[in-house]
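Participant: here are the coordinates; sequence isn't available:
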DNA sequence: GCCAATTGCACAAACGTTTGTGCGAGCTTA
DNA sequence: TAAGCTCGCACAAACGTTTGTGCAATTGGC
């Protein structure tokens, strides 16, 4: 009932209160008393005082001394995007299960911010990193992995880089989705990209090109929307595409938000998904099946992506060596629903 | 090109390389050289060596010395829930704009986990806390605010507690939503709760009771689904409600996931939203207007909630005193769409 | 009742910073 | 040329822990 100095008690104060040295207090408090021949009475005295003073050891000091921050850094382009949120959550849960905490950072789809954040996380001495990179640049990531701390990339990976990566099988996913459109007789198909230039996007795009070619068709560039970095929304690009190519009969949206943008854009120009426009999208949503037209989607196993990413980092932390298996690619699942209909034209 | 000892360079090494003392290196590196009469040549020498060795100051050590961790703790019940993800993002962005980093934790809707996480964040000496509490218990939060660090609650607030809170106007929101149902002639209305016992939930519930009473109706307990803590999904409870009260003609879902659960449950028992079931939900979603039946919702201004929460903490950090205004309540917006139809019975 | 072994603890260094103070060398001024 | 200034830097303490080592005091054997 005496001094509530508003500052958290330190070990020094606990030691003083228990009339022992700081070292003894430390060992007693941390259960290392037995091994260090601290008498039972002393141990309990220390623990009582610690309790009474509400002593909470400073992780800052501990980390400094132990050279282990107990922190995992997570960088995503947009936490509010359900895709990244799901991954962040999974990593968080896994990390916490291993006694680690998560430092979350949001790069806002900007490489320069990503680099800045990477530096800040480094300076906080995170022990591992899970990064959904913006995907434009990679060298800063390689450097981190080599000299600083284990890192694993999720989703926006790079090819030919010595970095651990976890992602979905974009090629197969795109192939499945696109085949659905072809099967239903569509040949003028608009693609609504994610961030252009990033691997998942390019893989999906080139898969589309391949499929078109094999079907004896060509994918004109005017059918590819969102080929600039600035608009993340995709709404404008979808509208532009609808205006410049009114002959389009189907959309392949590379992301869930894009699907939504396509719907909005189509509605505004008087086109209606399903009557005269088909739609298939990457990434599922709990709402997809309850849409005006239940949305055909290709869903990724977000939980597995996140969990695997966490596991790769955690294992590397434990064993201290780079994982043998560098790339993890997970299958996607096609959810055929009613947003794809036969081409009427 | 010499020693890549795989460990990050320390100031000691930089100082040695620049042939100055650590203190001088510190001041030179931090731009405090001028003020401390360090010669220009020394300054540049230090900075060069720092650059060469890729020196990155340890925030751990800095924090220990400065007694400022530069960390804001954020605890939410479920990061993957878009509602909380949006808030987490907003806080993250605000914090980063002020040079602070965010420690994110997920309480998994469990009070005991929340308490544990709170302790861990404290031990990391976070300077402020933004918490979307599970909402069952509050005393651990009060204690934190009083003796440890500024804290602001979001969404799941408590009444009569000396804690800063940010939330939406649940009463008015519920009133608007529910009035819609009454206006359309519904009288047997099922309520799909969030976590029972939490303030937003109780406010919405009692508002519903009031409205019913004023309309000369009664809200039987059998019309209140999800009155147990274990199921967060609400799907089972919705099905039970539909089974026990087949006369129900409308649902008021207290959350976006619940709306989705209602849809799924209704479909499985052969009821169809709009034909013989109306639905209004708290929380909007970009998909709401593209649903099979465009969903009538009451939307909260998530960005504003998150931003305000961050601001309250940040201001308190800056000024050092408790904010004058303790409670921030923001208006919600009714989005009338087609999921509410006249009662046919 | 003496030596060795054991018990119970304190001392001090270290982790990587920041910051108050001290101190010598060079310059001015008289 | 002696006294005083200024300049440029080094020294050392401190932040709160952990941990290796040293040193009394007690115990035990004979």
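Facilitator: Nice, thanks for sending it over. Quick caveat: nothing in here was measured; it's all calculated off a predicted structure.

Participant: tell me where the stretch 101-250 of chain A has helices.
Facilitator: For the stretch 101-250 of chain A, the helices defined by DSSP state H, counting those that start in this stretch cover A:111-123, A:139-143, A:170-183, A:199-214, A:235-244.

Participant: and those helices as TSV, adding mean pLDDT and mean neighbour count?
Facilitator: No exception for glycine: its C-beta is placed from N, CA and C like everyone else's. Putting the helices of the stretch 101-250 of chain A into TSV (pLDDT from 0 to 100; neighbours: other CB atoms under 10 Å in any protein chain shown) gives the following:
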stretch	mean pLDDT	mean neighbour count
helix A:111-123	94	19
helix A:139-143	88	14
helix A:170-183	92	20
helix A:199-214	92	18
helix A:235-244	86	18
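
Participant: for these, give me JSON lines that also has distance to DNA strand D.
Facilitator: Converted to JSON lines, the helices of the stretch 101-250 of chain A look like this (distance: least, CB to the nearest atom of the strand, whole Å):
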{"stretch": "helix A:111-123", "distance to DNA strand D": "16"}
{"stretch": "helix A:139-143", "distance to DNA strand D": "29"}
{"stretch": "helix A:170-183", "distance to DNA strand D": "45"}
{"stretch": "helix A:199-214", "distance to DNA strand D": "42"}
{"stretch": "helix A:235-244", "distance to DNA strand D": "51"}
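
Participant: to residue B:269, which of the ones you listed lies closest?
Facilitator: Closest to residue B:269 of the helices of the stretch 101-250 of chain A is helix A:170-183 (CB to CB; 30.5 Å).

Participant: now that closest one and helix A:199-214, what's the angle there?
Facilitator: Here the directions of helix A:170-183 and helix A:199-214 differ by 40 degrees (axes from the mean of the first three to the mean of the last three CA atoms, to 10 degrees).

Participant: can you list contacts of helix A:170-183?
Facilitator: For helix A:170-183, the surrounding residues in contact (CB atoms under 8 Å, 6 or more residues apart in numbering or on different chains) are A:189, A:199-200, A:203-204, A:207-208, A:211, A:215, A:250, A:252, A:278, A:280-282, A:296, A:298, A:300, A:331-332, A:334, A:336, A:340.

Participant: try 7 Å
Facilitator: Helix A:170-183 is contacted from outside by A:189, A:200, A:203-204, A:207-208, A:211, A:215, A:250, A:252, A:278, A:280, A:282, A:296, A:298, A:331-332, A:334, A:336, A:340, using CB atoms under 7 Å, 6 or more residues apart in numbering or on different chains.

Participant: quick one on the thing from earlier: got the helices of the stretch 101-250 of chain A as JSON lines, with distance to residue A:310 columns?
Facilitator: Formatted as JSON lines, these follow (distance: least, CB to CB, whole Å):
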{"stretch": "helix A:111-123", "distance to residue A:310": "16"}
{"stretch": "helix A:139-143", "distance to residue A:310": "18"}
{"stretch": "helix A:170-183", "distance to residue A:310": "21"}
{"stretch": "helix A:199-214", "distance to residue A:310": "20"}
{"stretch": "helix A:235-244", "distance to residue A:310": "34"}
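
Participant: out of those helices, which gets nearest to DNA strand C?
Facilitator: helix A:111-123 (8.3 Å; CB to the nearest atom of the strand).

Participant: counting by contacts, list what that closest one packs against.
Facilitator: Counting contacts by 3 or more CB pairs under 7 Å, 6 or more residues apart in numbering or on different chains; DSSP states H and E, helix A:111-123 packs against strand A:71-76, strand A:101-106.

Participant: make a ChimeraX selection of the buried ones in the contacts of helix A:170-183.
Facilitator: Buried residues among these (16 or more other CB atoms under 10 Å in any protein chain shown), as a ChimeraX selection:
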select /A:189,200,203,204,207,208,211,250,252,278,280,282,296,298,332,334,340
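
Participant: just the contacts of helix A:170-183 that are near DNA strand C?
Facilitator: On the criterion CB under 7 Å from any atom of the strand, none of the entries of the contacts of helix A:170-183 sits beside DNA strand C.

Participant: up against DNA strand C, what does chain A have?
Facilitator: A:19-24, A:36-39, A:41-42, A:61, A:64-65, A:67.

Participant: give me that answer again for 10 Å
Facilitator: Residues of chain A lying near DNA strand C by CB under 10 Å from any atom of the strand: A:15-16, A:18-28, A:33-34, A:36-43, A:45-46, A:60-67, A:123, A:125.

Participant: narrow those to those in helices?
Facilitator: Per DSSP state H, helices hold the following members of the residues of chain A next to DNA strand C: A:15-16, A:18, A:22-28, A:40-43, A:45-46, A:60-66, A:123.

Participant: of those, which count as buried by neighbour count?
Facilitator: Here, 16+ other CB under 10 Å leaves A:15, A:18, A:24-28, A:42-43, A:45-46, A:60-64, A:123 buried among these.
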